[in-house]
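# Return a 3D structure for these sequence lines:
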Amino acid sequence: AEVIRNRTGHPSFKPSICGVIKQRGQFPWYSGPRSLQIKPGQLKQPQDKRSYAEANKAVVEALSGSNVTHGSLYFVHRRVVKKQQWLKKMKFQVRIGSHVYYKE
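Below you'll find the predicted structure:
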């Protein structure tokens, strides 16, 4: 959530949260305009309430100005760091859990 917020203020990305999320090739869980559409009756209680609560808390913190990623614009899972050639030109910021954060 914080990386998405950070990207909204960077010229390489769209200026809105939805724009950043929908920007081609950025987030594998977004697969086009239909992936975020919710039809009537489709929204149900989350299966994993703890994970939902943690995700909601992260979004609220990011939108309120948290900076635990130190302005990072990119992140990858720690298992794929060595495989990502584009990371060589990025500046490491912080590791949080299984993710490693970078900025230009």
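# Identify each of the helices in this protein and give its residue range.
Listed in chain order, the helices of the chain (DSSP state H) span 2-8, 17-22, 49-63.
# Flag every buried residue along the helix or strand bottoming out on mean pLDDT in the chain.
Lowest by mean pLDDT, DSSP states H and E among the helices and strands of the chain is helix 49-63, with a mean of 87. When burial is assessed from 16 or more other C-beta atoms under 10 Å, helix 49-63 yields the following buried residues: residue 62. Using the backbone N, CA and C atoms, a C-beta is placed for each residue, glycine as well.
# contacting residues around it?
For helix 49-63, contacts defined as C-beta atoms under 8 Å, 6 or more residues apart in numbering pick out 1-2, 4-5, 46.
# Among those residues, which one has the most neighbours?
The most crowded member of the contacts of helix 49-63 is residue 2, carrying 22 neighbours; neighbours defined as other C-beta atoms under 10 Å.
# do you know how far the closest residue to that one other than its chain neighbours is from residue 53?
Nearest-residue entry for residue 2: residue 62, 4.2 Å, with adjacent residues in sequence omitted and distances by C-beta to C-beta, 6 or more residues apart in numbering. Using C-beta to C-beta, to the nearest Å, one obtains 15 Å as the distance from residue 62 to residue 53.
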